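# Build me a model from this:
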Amino acid sequence: MAEASLSFAAQPKTKKINRSLDTFDEYNIAAPLLTSPRSIEACKRQGIEAEELVFRYEDSFFEKGITQDIQEIRWKHYEKKRRDKLSLVREERLELISMGWEPSVGKSMTASGNDTGNDTGLEAERRGTAALKEQRQMESIKAKRQQELEQMVAYELKLTQVAEEQQRQIEADRHKEAQRQKEAQARQKAWEEIQRQKEVDKVKEEARQERIRKKLAVEEYQKEQDRKLQEELEEKARLKAARQREVDARLMREEHKKQTEMIIEQQQKVVEKRRQEMQEKDERRKAEMEARQLESMVKAEEERQRAQQRIQSAMEQQREMLKMQRRLYHERQDRNAVKRAQYEAAQRAETERLRQVAEMKKDELTRAFKKMERIENKKRRQTLEKEQMAEKNLQAVRQQREIDHRQKMERQKLKQADKLEAVERLNRIQLYKREQAVDRLNADDDRTNALAAFKEKMLEERKAFRRQNEMERHKVIESMEKLRQQPSKALKTLKSGGGMDASTGGH
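Presented below is the predicted three-dimensional model:
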């Protein structure tokens, strides 16, 4: 026992922690969050829970299926509301302090006139005075209760109207949002249709341009083929003409040779004919001069010798002429051979030049085709890059629109949640005020019961007042319950004045 006492004495005394809004630790999550009566009262009067004032990290808003920007929007929204609520309850606490609000020690009072001894005269006088005072207090309580009931009914009516207005606003906002989403979807669909049509037109235009390019390339290739064919035909015609000229020259040479041989043969025939004629003349002369052989022998011999000399001279002249003709023929042949060699060399040079020109044109055409191909590839790459860039820009615009739309929808959801939270907060404020009213009514009942011990002469009146008070209290509570359960019906009843008359008709 002594050891237990020593161990208990050795334990340090636990210090009571006072947690108020003035020294509120927004990072503390251990219960209780608030212990100060004024801070708790300020939160109740503003309809704010203490858990709504605690700081939350951005990671605590993580949910499966949401993006980082939505998580950040939710966190910033919560943090802004938390700071606003913290400022609001702190202002309410300062107002309570300025009003001198103090927490009540108990909700009921105990009567001091319940002694078991006999009443004395002083006590009877005190009771009479107390009875008068109690009567005035009862009248004051009745008036105050009536005023509170009217204020509660008016407040309930106002809350109901506000709730209905907020519900109508929520429905209108929901309808507007549905209409806006429908219009946005229609605009998005129209825009996508326009983009799709543009893409189709673009593909058609590219196909048409490609067909035109192919057609031009085919036409250019066909022109080049026609030009090459024309050049080949012209080359063949030139070669054919050259061969024809060569053949004509050869024929002319052969013809000239034949003519020369014919001329030589004719000259030989003429010489032979003349020789035969001379021989015949000689024979005739010999026959005629046989009788004059002796006389004419010398003359005949001389004539023969002269004839022979003439023949020899003619033969020499003929041979010289033939040599000269042959020399001229060979010279012409040599000149023709030189000309033919020069012509063939010129033809070969021209052919080589034309071949080189054709090769150059072929190389130029190949380079032109390669250049056109490079230009076409460059254009195709540029077009592809432009399309990719346009697609990237379009994708970025779509992603940004999706992000903006997602953030807008999230902000609208947060606004709807704020409205619902505001309604819930008003309900908490209303519930708190109802509880305060019920507490006041219960306090009044407790006070009435405490004073009943020394109010013998007013016993019946007090009993009647208590019954009436109970009835009124139950009616008020029943009216409040009906107002909570069926706000529209209760609202009509309150507007018609039936509820007020029924609850306050006895006063």
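
# most centrally placed residue in this structure?
Against the mean C-alpha coordinate of the chain, by C-alpha atoms, centre = their mean, the closest residue is Q395 at 2.1 Å.

# Which stretches in this protein count as helices?
2-10, 37-46, 68-99, 121-288, 293-451, 459-485, 487-496, 498-504 (DSSP state H).

# between the ones you listed, which gets nearest to F62?
helix 68-99 (5.9 Å; C-beta to C-beta). Using the backbone N, CA and C atoms, a C-beta is placed for each residue, glycine as well.

# The closest one versus helix 37-46: what angle between them?
Here helix 68-99 runs at an angle of 120 degrees relative to helix 37-46 (axes from the mean of the first three to the mean of the last three C-alpha atoms, to 10 degrees).

# just for the stretch 101-250 of the chain, where's the confidence low?
104-131, 134-135 (pLDDT under 70).

# For T366, see how far away the residue nearest to the centre of the chain is.
42 Å (C-beta to C-beta, to the nearest Å).

# buried set for stretch 65-78?
Buried residues in stretch 65-78, counted by 16 or more other C-beta atoms under 10 Å: 70-71, 73-75, 77-78.

# show me what contacts G47?
424-429, 432 (C-beta atoms under 8 Å, 6 or more residues apart in numbering).

# ok, back up a step: how close does the residue nearest to the centre of the chain sit to K202?
Distance, Q395 to K202, using C-beta to C-beta: 17 Å.

# same check, this time on Q407
Distance from Q407 to K202, by C-beta to C-beta: 32 Å.

# and if you look at K214?
Taking C-beta to C-beta, one finds K214 at 18 Å from K202.

# Which of those two has more residues huddled nearby?
K202 (13 against 10; other C-beta atoms under 10 Å).

# tell me the contacts of the more buried one?
K202 touches nothing, counting by C-beta under 8 Å, 6+ apart.

# lowest confidence element among the helices and strands of the chain?
helix 2-10 (a mean of 37; mean pLDDT, DSSP states H and E).

# on that earlier part again, from the contacts of G47, keep the buried residues only.
Judged by 16+ other C-beta under 10 Å, buried ones among the contacts of G47: 425-426, 428-429, 432.

# how about the residues you listed in CSV, adding distance to T383 and pLDDT?
Compiled in CSV, those are given as follows (distance: C-beta to C-beta, whole Å; pLDDT from 0 to 100):
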residue, distance to T383, pLDDT
R425, 61, 85
L426, 63, 89
R428, 65, 87
I429, 67, 89
Y432, 71, 88
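
# Out of these, which comes closest to K339?
R425 (123.0 Å).

# nearest residue to that closest one other than its sequence neighbours?
With C-beta to C-beta, 6 or more residues apart in numbering as the criterion, R425 has its nearest non-adjacent residue at 3.8 Å, and that residue is G47.

# now, which of the buried residues of stretch 65-78 sits nearest W191?
Within the buried residues of stretch 65-78, the smallest distance to W191 is 24.5 Å, found for I70 (C-beta to C-beta).

# I'd guessed the closest one sits against R411; true?
No - assessed by C-beta atoms under 8 Å, I70 is found out of contact with R411, at 9.9 Å.

# burial measure for E148, as a count.
E148 has 18 nearby residues by other C-beta under 10 Å.

# A437 is in contact with that one, correct?
Yes - counting by C-beta under 8 Å, A437 is a contact partner of E148 at 6.0 Å.

# Pull up the gap between Q468 and D445, please.
On the measure of C-beta to C-beta, Q468 and D445 end up 12 Å apart.

# Ok, R340 next?
Taken as C-beta to C-beta, the span from R340 to D445 is 151 Å.

# same deal with Q195?
For Q195 relative to D445 (C-beta to C-beta), the value is 76 Å.

# can you check E139 too?
17 Å.

# and those two? which has more neighbours close in?
D445 (15 against 10).

# count of residues packed around the nearest residue to the more buried one once chain neighbours are set aside?
Spatial nearest neighbour of D445, chain neighbours left out: N469 (6.7 Å); criterion: C-beta to C-beta, 6+ apart. Burial measure for N469: 20 neighbouring residues, criterion other C-beta under 10 Å.

# Next: the one 5 residues further on.
Number of residues near H474 (other C-beta under 10 Å) recorded here: 11.

# likewise L431?
14.

# okay, it: pLDDT?
You'll see L431 listed with a pLDDT of 89.
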